[in-house]
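[1] need coordinates for the below:
(chains A and B)
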Amino acid sequence: MSNRKTKEVFSLDALRAGDRAEFARLVETYYEMIYRLALKMLNDSQDAEDILQETFIKAYQHIRNFDGRSELSTWLYRIATNEALMQLRRKRPQTFSIENPEFSDEAEPEPVQIVDWCCLPEEELISAEAQARMDVAIEKLPASLRVVFVLRDIQGLSTRETGEVLDLSETAVKTRLSRARLRLREDLSSYYAERLGEENRP
Amino acid sequence: MSAHQSCRHLLASLSEFVDGELDEKLCAEIERHLADCENCRIVIDSLEKTVSLYQTVSKTETVPDEVRERLFHRLKLDEFLES
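    Coordinates of the predicted model:
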């Protein structure tokens, strides 16, 4: 799955020359994906809007330095991700644990919630309450895991692209993604297990 | 999940398994294990479902028009708002 637009075709020469129409086209193409990324990272619409604006201001200022080796979308993701991580560090330093998942010998905790909740009706799985719980679950992830989950599973980037955005090896991306997914699974399972319990109550 | 020693051993590979990115040998090992480990089947199913729920929900989320307008305004691109 992917929220991204298909192949991007922009004139780098025009962008580097400061062509405003071409820059407006770039903004139009990518503003939604950048806003969504920021919203998932920060879970606050005002913060997400700030990140969105800062990302394109920086892009406009630095487009001359863009070497074209990666895709423009990857470059924009990189700017937006850095902005979002800086914002998190400022506002919620607790999400920056000393944890460095791929260097840690500590294995992921064993799953505790072994409940088959997949049979719950769709409207219950994505109720407003469930969605709020999903957002909280993402917010509880350390920033280093959250950013990988958001890029890879929500924005639909490949492992390689995610690594490019974050300057991480593919192995590190896979390790972080695995940990993020297992933690989210654990968190959602405990919520849906409660729902199942209520459903089965006479 | 701790019913088998191998559950623990396979845990770190489950995410790659659901993406279909695991090498053949490990993939076959997991499939053999799943045939007689209900707990691991539940973990895998709920892992896949967790990811797909996030994807489903994110597709329904729209960006408010005012966010786009304020962005174009901040970038002094108001003349391109209509396009």
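
[2] which non-adjacent residue is nearest the residue most central in space within chain A?
    Centroid-nearest residue in chain A: residue A:150, 2.1 Å away (criterion: C-alpha atoms, centre = their mean). When the adjacent residues along the chain are set aside, residue A:150 lies closest to residue A:40, with 4.6 Å between them (C-beta to C-beta, 6 or more residues apart in numbering or on different chains). Using the backbone N, CA and C atoms, a C-beta is placed for each residue, glycine as well.

[3] and that neighbour, how many neighbours?
    Residues near residue A:40, counting by other C-beta atoms under 10 Å in any protein chain shown, number 23.

[4] what pLDDT is listed against the most centrally placed residue in chain B?
    Residue closest to the average C-alpha location in chain B (C-alpha atoms, centre = their mean): residue B:51, at 3.2 Å. pLDDT for residue B:51: 97.

[5] so where do the helices sit in chain B?
    Using DSSP state H, the helices of chain B run over B:5-10, B:14-18, B:24-35, B:38-60, B:65-74.

[6] what's the closest of the ones you listed to residue A:91?
    helix B:65-74 (19.7 Å; C-beta to C-beta).

[7] do that closest one and chain A meet at all?
    Yes - shown here: helix B:65-74 in contact with chain A (C-beta under 8 Å from any C-beta of the partner chain) through B:67-68, B:70-72, B:74.

[8] from these, which would you call buried?
    B:67-68, B:71-72 (16 or more other C-beta atoms under 10 Å in any protein chain shown).

[9] let me know the closest of those residues to residue A:36.
    Nearest member of these to residue A:36, counting by C-beta to C-beta, is residue B:67, at 10.8 Å.

[10] ok, now which ones touch that closest one?
    Listed by C-beta atoms under 8 Å, 6 or more residues apart in numbering or on different chains, the contact partners of residue B:67 are A:31, A:35, A:49, A:52.
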